[in-house]
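Student: with the input below, show me the fold.
(one chain, ligands or ions: 2)
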Amino acid sequence: MAEVQVSLGERSYTIHIGNEQLANFRTTNAHKLNKQLFIITNPTVSQYYLKPLLNVLTDHHVDFFEMRDGEQFKNLDSYAEIMDRLISKGYNRDCGIIALGGGVVGDLAGFVAATFQRGVDFYQIPTTLLSQVDSSVGGKTAVNHPHGKNLIGAFYQPKSVTIDIDCLQTLTERDFRSGLAEIVKYGIIYDADFFHWLEHHAAELKQQDPDALTYAIKRSCEIKADVVAKDEREKGLRALLNLGHTFGHAIEAATTYGEWTHGEAVSAGIIIASKLSEVTQRLSASDFRRIKELLTAFELPTRCPDMPWESWLEYMQRDKKVKDDQLHFVLPTAIGQADVVKDIEHTTVAAVITECC
Ligand code: NAD
Ligand code: MG
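Tutor: Numbering: from 1, shown residues only. Ligands and ions are numbered 1, 2, ... in the order given. This is a model prediction of the structure:
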């Protein structure tokens, strides 16, 4: 069992990490848990984890909503359905919303919590590796719009995050690997020692060894918490968390939905960013090699799909990270360090992408 504190003044909260955390949800949240609780989940997750959660909440007034499973349902229709339910069931300002699921459920539930009655208590129980190390920490909530992902949302911090690593046992291999890509990202941008630790514990992590998993999740949450505490609203440092994402989003947008998972696209994106950094003399060849070898050890893609430069450019320019018409790239400058770089010639980027395909 491990704990991470997210320090944001009066909006501070604790992340609880370990085995059997679902069963401990009430005890770890005892002092503040609301009488009225509303759980948002989906059928894939609820078949395993709803009952165990309900079992520890018998002293509370609890209702739940199962949204349909999939990124395409993280939208205003699901949001409106949940609001209708909360209002018709008489939920009031003192209620608490619990997200039980991956990042899709967490993002939607968080936006519901941020806006129902101008904001009610919110609890995260992330059940995918990606949501445990990334989306449940930091307070970004959102729904998608037909014109783009996460276009409607709010910064809204939870009261607590409960990470039960046992939940990962039912996750598909692919979804598990997807989360590993974000873990590697933290090592690259922030912590050379953690990267080194990952290099030496890749096998245990792949086998979901509980101690290795708990440590990797804890260190990832600490890094994200640290970055968010320094830059909650992404004015600077928080942008480093987007390493690999500008290229990754282009891959996700250009390929058919589901062909590449987010983590797979980020992995290929990290390779392009690292190569770009090496080619522009910012990253050593040996550090590039270590990054590539670690992603390979986790069986993550290190080559990107072959698409015309015009497509890359179009999708990258649509990315929210484009400011004042210039492409900004997060580039690793060493293991454990990264920088936001502009002013790279498009021809250089195009050549690097071709090399990585
Ligand atoms: P997801 O929520 O779609 O989960 C992936 C799949 O795993 C789904 O089919 C889900 O039902 C299933 N699942 C969840 N937990 C399971 C379990 N324990 N056992 C078996 N199946 C399980 O995807 P995700 O990768 O968790 O999250 C992606 C979403 O997170 C995207 O919408 C993305 O925009 C968002 N995100 C948000 C932030 C943020 O800061 N708010 C950061 C990163 C990503
Ligand atoms: Mg990501």
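Student: around ligand 1, pick out the residues from the stretch 151-300 of the chain.
Tutor: Residues of the stretch 151-300 of the chain found near ligand 1, taking C-beta under 6 Å from any ligand atom as the criterion, are 167, 170, 171, 175, 178, 262. Glycine gets a C-beta too; all of them are placed from N, C-alpha and C.
Student: and if we set it to 8 Å?
Tutor: On the criterion C-beta under 8 Å from any ligand atom, ligand 1 has as its neighbours in the stretch 151-300 of the chain the residues 167-172, 175, 178-179, 182, 261-263.
Student: quick check, residue 100 in a helix?
Tutor: No. Assessed with DSSP: H, G, I helix; E, B strand; the rest coil, residue 100 is strand; it does not lie in a helix.
Student: quick check: beta-bridge partners of it?
Tutor: When bridges are called by DSSP bridges, residue 100 pairs up with residue 125.
Student: neighbours around it, how many?
Tutor: In terms of burial, residue 100 registers 27 neighbours under the definition other C-beta atoms under 10 Å.
Student: repeat for residue 142
Tutor: The number of residues packed near residue 142 is 20, by other C-beta under 10 Å.
Student: which element is it on?
Tutor: Using DSSP states H and E, the element containing residue 142 is strand 140-145.
Student: next: residue 5.
Tutor: Following DSSP H and E, one finds residue 5 within strand 2-6.
Student: so how far is the longest helix along the chain off the chain centroid?
Tutor: The single longest helix within the chain, with elements called by DSSP state H, is helix 210-230. In terms of C-alpha atoms, centre = their mean, to the nearest Å, the centre of helix 210-230 is set 12 Å apart from its chain centre.
Student: quick one: residues contacting the residue in the stretch 151-300 of the chain positioned nearest to ligand 1.
Tutor: Among residues of the stretch 151-300 of the chain, the one nearest ligand 1 by C-beta to the nearest ligand atom turns out to be residue 170. It sits 3.5 Å away. Shown here is residue 170, whose contacts under the criterion C-beta atoms under 8 Å, 6 or more residues apart in numbering are residue 48.
Student: got the phi and psi for it?
Tutor: Per-residue torsions, residue 170: phi -90, psi 0 (degrees, to the nearest 10).
Student: now do it, the pLDDT please.
Tutor: At residue 170 the predicted local distance difference test score is 98.
Student: sorry, back to before: got the angle between the longest helix of the chain and strand 2-6?
Tutor: Angle of helix 210-230 versus strand 2-6, following axes from the mean of the first three to the mean of the last three C-alpha atoms, to 10 degrees, is 10 degrees.
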